[in-house]
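Undergrad: 3D model of this:
(2 chains)
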Amino acid sequence: MTEILAYVHKDGFFHRLHPFTKIAFIIVFGLMSILSTNLLFLLVLVAAVLVIAYGASLNNEVFQQFRLIAVMSVVLIGITLITMPSGSTIGYLVPEGIPLIGGSLPVTLGAIDFGLVMTLRFMVLICAFQLFVISTQPRDIVHTMERMKIPTDYTLMFLIALRFIPTLQIEGMRIHEAQLARGYNPGTGLIGKVRSVAPVVVPLVSNALSRADVLGLTIDIRGYRTGKRTHLREFAFHMRDYSILFLMAIVSCVYASLYVNQIL
Amino acid sequence: MRMIELRNVSYTYPHTVQDALHDLTFFLPNGSCIMVTGPSGAGKTTLCLAAAGILHHEYGGKKEGSVILDGKNVAGYSGLCELAEKIGIVFDDPEAQMIFTTVEEEILSALEHRGLEASVIEERLSAIMNTTYLSELRNRSPHKLSGGQKQRVALAATLALGNDILILDEPTSELDEHATGRIVAILRNLKALGKTILLVEHKYRHFHELVDILAVMENGRISAIGKPDTVLSDERIRKIVTADFSGIRDVSTGDPRDNTSIATSPETVISVKNLSYSYGDIAALDSVSLDFSSGEFVAIVGENGSGKTTLVKHFNRLLFPASGDVLVKGKNTRESTVTDLARHVGLVFQNPDHMFFADTVQEEVGFGLKNIGITDGIEIIGKALADVNLLHTKDMYPRWLSRGERQRLAIACVIAMRPEIIVLDEPTTGLDGNESRLVMEILKSLQRKGHTIVVITHNREIADNCADRIISMKNGRILSDQRIRGVI
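TA: Numbering: from 1, shown residues only, chains lettered A, B, ... in the order given. Got it, this is the predicted structure:
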């Protein structure tokens, strides 16, 4: 089983970058994807993120998200088709031949376009964030956020949120096994899934809550709030960081000018 | 010099009436070790929080008396930040203390916030790694480690703080005999260095050489405290401190239903043939072949990570054989479903909290019955609860029970489904002597009613005193398979 969003110990080029460089990368890519409505440009962004993932030897981890993204895109496009019809109609979800309700729920190009834009945006955001998180040790993330003068409470909140993802995943699996051993049948289909939630989710949430208490105390006892920190094995800015930051700056400027001139 | 001193400490948690700690008074001189033991729910963990000053600074509720750490009342400390320079505490849940993504990072997190020089940190890091035997796990993710390994990481991170007072809440509950021995050795060294240790443990036998003061807690009170020999001279107290499993194998309840199964000739209920299984690159089982007969009481022993749990998970198809076969009552598990197998094989996991979700104890037991199609099971539920001495709790919320009671409830949940084979993974973790004996007696009486019992345990005494057959595992293989008493 692979853990979701857990740090992957590798020695790729993305791992060697300064966390700040990676944060800059997320911000630039995130902003561009949010501001842009151009399908082609968003595709370029997705391609760029995937190329980076490949270069960082983290492509397998990133590709694992694609099932989730596929499901999400179907849902997103479905919702936009129903709620935001615009532009020319290319067909109907309910065929015209059916009496009374035939011809309702038109499939419009505008809605498909918007649905695709949303999907690609999420792809860029999810993949870029994942690249950052799985290539940076949480300790370094915390320290970089501290350096960026983000208040300790917020950095610790971020740390705990990140840290709970794999825990909940593993814990959920154990609980699932324990219930299976009691003859629990999760059932199939949507109704089966909904009905089978309580035996897994109730112990999962109760255990997580009691655990959060100990986790908080542990962080305090390890002295995270003392403010006395030795800067050990700190990432230094290397040539690669400067080059990438420079590249990000250029990309941002070019994008900004294209955006202002309404080309993108 | 008194390092830890409690003066008439009483404490009641918010929204509760019963006090969790009642008028506790004792002190610990510099360089001494106190071991606190007692039944689950007696207030041992609350005592740890009180002695660490955490109760005073982080918890609400009604507090009385005073706790003095290194000559200074905890009220005088500014908060956990200042206390963090005085005490190190290991909590009983190792998982909750794993914050980071590598073992090294976990230990560094304790070192980096102490205002130390970088070179000192590196030095201390490698020293701690060596003393706790964690060097080879340096880059592993703590979440993927076994319970016992996690406990070692939690201890290492606490030791890294380098503080003079150590408060350890069941630091070895999930460790095997060998690993516990290592922890004893580590603590022996720390004690020699003048550290003061407050240890909550159930393994007096392992720690006896370290213990200067032995305290037994019951219902929030200290019922006995003093030099170990004096405390243990009381027969009742001794049974709490050290589990006495003697005679369990031969105890007869006088129930006429007993021994019915022994009269019938045993048949093979589970047959494991050349079973292999691996987690990624790590081989967990290596061509294991075994047969289990009906009515047997089998103990599977072995160190952490020897493949014990992996083996039993194959019995009800929670794991699927990579190669080889498992036959339950003659039927290959490859052709059965987990739900079908749950009727034949009941598996009680180490942590009972992984299963409880219902509002009452009774409903909790009823869940398994409903799953196998028994909707009108009031009588069966009552019987299962009576078997584990929990009938009086039937309307209570399962999570409010003590650890020992929750463990027994987990057993009730499984036995209510009447599986012929009952498998238990470390059923005495976190239980005191009396509770452990009670669990083993329950299992023994189930055996007499015809069930096959398979117990995974680190505790050699349980194996020696209760089992008819002891299977010893190492690195995914069967090391020995020894029958204690002739089963036909």
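Undergrad: Spatially nearest residue to the closest residue to chain B within the stretch 1-150 of chain A (excluding sequence neighbours)?
TA: Relative to chain B, the nearest point of the stretch 1-150 of chain A is residue A:7 (3.7 Å; C-beta to the nearest C-beta). Any C-beta I mention is one placed from the backbone N, CA and C, and that applies to glycine too. Closest residue to residue A:7 apart from its sequence neighbours, by C-beta to C-beta, 6 or more residues apart in numbering or on different chains: residue B:101 at 3.7 Å.
Undergrad: Dump stretch A:163-182 to CSV, keeping only the CA atoms.
TA: C-alpha atoms of stretch A:163-182 as CSV (Å, rounded to 0.1, in the frame of the first residue of the first chain):
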residue,chain,number,x,y,z
ARG,A,163,0.9,14.0,9.1
PHE,A,164,-2.6,12.8,9.8
ILE,A,165,-3.2,11.8,6.2
PRO,A,166,-1.1,8.6,6.2
THR,A,167,-2.1,7.8,9.8
LEU,A,168,-5.8,7.9,9.0
GLN,A,169,-5.2,5.9,5.9
ILE,A,170,-3.3,3.1,7.7
GLU,A,171,-5.7,3.3,10.7
GLY,A,172,-8.7,3.1,8.4
MET,A,173,-7.3,-0.1,6.8
ARG,A,174,-6.7,-1.7,10.2
ILE,A,175,-10.2,-0.9,11.3
HIS,A,176,-11.6,-2.2,8.1
GLU,A,177,-9.7,-5.5,8.6
ALA,A,178,-10.9,-5.7,12.3
GLN,A,179,-14.5,-5.3,11.1
LEU,A,180,-14.1,-7.7,8.2
ALA,A,181,-13.0,-10.3,10.8
ARG,A,182,-16.4,-9.8,12.5
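Undergrad: which other residues reach that stretch?
TA: Residues from elsewhere that reach stretch A:163-182, judged by C-beta atoms under 8 Å, 6 or more residues apart in numbering or on different chains: A:1, A:3-6, A:138, A:186, A:199-200, A:203-204, A:207-208, A:211, A:215, B:95, B:98-100, B:141, B:143, B:313, B:316, B:318, B:338-339, B:342, B:345-347, B:349, B:351, B:354-355, B:367-368, B:371, B:413-414, B:417.
Undergrad: Looking at chain A, which helix is longest?
TA: If you go by DSSP state H, chain A has its longest helix at helix A:152-180.
Undergrad: and the contacts of stretch A:163-182, which of them are in helices?
TA: Using DSSP H, the contacts of stretch A:163-182 in helices are A:138, A:199-200, A:203-204, A:207-208, A:211, A:215, B:313, B:338-339, B:342, B:367-368, B:371, B:413-414.
Undergrad: Which parts of chain A are strands?
TA: Assigned by DSSP state E, the strands in chain A fall at A:89-92, A:106-108.
Undergrad: residues of the last one that come out buried?
TA: Just to be clear, that refers to strand A:106-108. By 16 or more other C-beta atoms under 10 Å in any protein chain shown, the buried positions in strand A:106-108 come out as A:106, A:108.
Undergrad: and what of the longest one?
TA: By 16+ other C-beta under 10 Å, the buried positions in strand A:89-92 come out as residue A:92.
Undergrad: returning to what we had before: in JSON lines, list the strands of chain A along with distance to chain B.
TA: Shown next, in JSON lines, are the strands of chain A (distance: least, C-beta to the nearest C-beta, whole Å):
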{"stretch": "strand A:89-92", "distance to chain B": "43"}
{"stretch": "strand A:106-108", "distance to chain B": "42"}
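Undergrad: closest one to residue B:276 among the ones you listed?
TA: Checking the strands of chain A against residue B:276 by C-beta to C-beta gives strand A:106-108 as the closest, at 53.0 Å.
Undergrad: Strand partners (parallel or antiparallel) of that closest one?
TA: Here strand A:106-108 has these sheet partners by DSSP bridges: strand A:89-92 (antiparallel).
Undergrad: who's in contact with the strand it pairs with?
TA: With C-beta under 8 Å, 6+ apart as the test, strand A:89-92 has contacts from A:102, A:103, A:104, A:105, A:106, A:107, A:108, A:109.
Undergrad: wait, the last one sits on residue A:85?
TA: Going back to what we said before, that points to residue A:109. No - contact status for residue A:109 versus residue A:85: not in contact, 9.8 Å apart, counting by C-beta atoms under 8 Å.
Undergrad: what comes up buried for stretch B:132-144?
TA: By neighbour count with 16+ other C-beta under 10 Å, stretch B:132-144 contains the buried residues B:132, B:134, B:137, B:140, B:141, B:142, B:143, B:144.
Undergrad: From these, which land in strands?
TA: Counting by DSSP E, no part of the buried residues of stretch B:132-144 is found in strands.
Undergrad: tell me the contacts of residue 81?
TA: No chain specified, so I'll use chain A. When contacts are counted by C-beta under 8 Å, 6+ apart, residue A:81 is found next to A:93, A:105, A:107, A:108, A:111, A:112, A:115.
Undergrad: my question was about chain B
TA: With C-beta under 8 Å, 6+ apart as the criterion, the residues that contact residue B:81 are A:220, A:223, A:225, A:226.
Undergrad: Please consider this matter closed, and thank you.
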